[in-house]
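1. heads up, no residue letters with this:
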């Protein structure tokens, strides 16, 4: 195991390199809860640093829900970190409130000078499903149809085709009859990382939800990594995916961050019961590596640690393949470039 805590479960994680070392951020909750399913609503964010993605120095809790009442006083879930044009570090995260029983998700913004102590920008809220493009999304809780009002897991990156920024997030599209065909990758744009404008989704379909999206490019090919569960495959994909539905991480292929996107054939990194979930693919000096949290590998009870990185190779046609490597714990150098 790579990132593990004696007294806490760990699940979703995200990473940034500051030019000298890796910073890993992760959701965590105390094992004293007894039931790991209770972790989602007893969450804080942890922080650790590493030179090699294998040996980690834990820095403790770096972010947590706000004091009541607030839009993010219940949970502060998965996000992403990047450095802005102002030289400061920016955290975008998912928040929910106790007043709404954690059912409505929104996206928040905090900044830091040291990558550990985070301060909310205003009250933190930076994006909700409002404005002229909100009609493309499920903006209300669809009781009996879906289990939440989805807007979470923001992935923020520079716009390669402009001067601004792009935010991708897990969402659901409006008006899709099959619940498991309504999953969407949402989009918002900004010129300054502070004011965001909601745009239509860049992808809809295939699954009920595409969680923890990560957009990246390799040799001119764009990828959108995401995770999903076997019971969230659409009827069409359940029937056509080689090996059948499974739980884990897969990806979309695209021509640009805005798409058009298509589901890659097969399934990248899945199993039943789930072995690894909420994966990230990182660019290192030794190639691509995939990291995610150990869920129930081999059917054991929930593990709740981040596993050692495995190599990922790009094959003909730009398709990705995970290469399980018993030597994957070998030190990794800094990211290329």
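-> The structure has been received and is ready for your questions. Computed from a predicted structure; not experimentally measured. Residues are numbered from 1 along each chain as shown.
2. now the helices: where do they sit in the stretch 101-250 of the chain?
-> 235-240 (DSSP state H, counting those that start in this stretch).
3. Can you show me the strands along the stretch 151-300 of the chain?
-> 151-158, 165-172, 183-190, 197-204, 211-218, 221-228, 247-254, 261-263, 269-271, 276-284, 287-294 (DSSP state E, counting those that start in this stretch).
4. Could you single out the most deeply buried of those strands?
-> Using mean count of other CB atoms under 10 Å, the stretch among the strands of the stretch 151-300 of the chain with the greatest mean number of neighbours is strand 165-172 (a mean of 26). To be clear about C-beta, it is placed using only N, CA and C from the backbone, and glycine gets the same treatment.
5. Isn't residue 319 up against residue 264?
-> Yes - the criterion here is CB atoms under 8 Å, and residue 319 meets it with residue 264 at 6.3 Å.
6. Format the strands of the stretch 151-300 of the chain as a markdown table; extra columns: mean pLDDT and distance to residue 301.
-> Putting these into a markdown table (pLDDT from 0 to 100; distance: least, CB to CB, whole Å) gives the following:
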| stretch | mean pLDDT | distance to residue 301 |
| --- | --- | --- |
| strand 151-158 | 98 | 25 |
| strand 165-172 | 98 | 26 |
| strand 183-190 | 98 | 28 |
| strand 197-204 | 98 | 34 |
| strand 211-218 | 98 | 21 |
| strand 221-228 | 98 | 20 |
| strand 247-254 | 98 | 16 |
| strand 261-263 | 98 | 31 |
| strand 269-271 | 97 | 16 |
| strand 276-284 | 98 | 15 |
| strand 287-294 | 98 | 11 |
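7. Reformat those strands as JSON lines; add distance to residue 131.
-> Shown next, in JSON lines, are these (distance: least, CB to CB, whole Å):
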{"stretch": "strand 151-158", "distance to residue 131": "13"}
{"stretch": "strand 165-172", "distance to residue 131": "14"}
{"stretch": "strand 183-190", "distance to residue 131": "10"}
{"stretch": "strand 197-204", "distance to residue 131": "5"}
{"stretch": "strand 211-218", "distance to residue 131": "21"}
{"stretch": "strand 221-228", "distance to residue 131": "23"}
{"stretch": "strand 247-254", "distance to residue 131": "24"}
{"stretch": "strand 261-263", "distance to residue 131": "23"}
{"stretch": "strand 269-271", "distance to residue 131": "35"}
{"stretch": "strand 276-284", "distance to residue 131": "29"}
{"stretch": "strand 287-294", "distance to residue 131": "33"}
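8. Against residue 236, how distant is the most centrally placed residue in the chain?
-> The chain has residue 212 as the residue nearest its centroid, 2.4 Å off, counting by CA atoms, centre = their mean. Residue 212 sits 23 Å away from residue 236, going by CB to CB, to the nearest Å.
9. and what of residue 110?
-> For residue 110, the distance to residue 236 - CB to CB - is 40 Å.
10. So the two - more neighbours on which side?
-> Using other CB atoms under 10 Å as the criterion, residue 110 and residue 236 rank with residue 110 on top: 21 against 13.
11. now the end-to-end length of stretch 63-70.
-> Terminal residues of stretch 63-70 lie 15 Å apart, using CA to CA, to the nearest Å.
12. and what of stretch 123-132?
-> End to end - CA to CA - stretch 123-132 spans 23 Å.
13. Now do that stretch, average pLDDT.
-> Mean pLDDT, computed over stretch 123-132, is 98.
14. Show me which positions of that stretch end up buried.
-> By neighbour count with 16 or more other CB atoms under 10 Å, stretch 123-132 contains the buried residues 124-129.
15. again with stretch 54-71
-> Neighbour counts over stretch 54-71 (16+ other CB under 10 Å) mark 54, 56, 59, 62-63, 65-66, 70-71 as buried.
16. I am finished for the moment; much appreciated.
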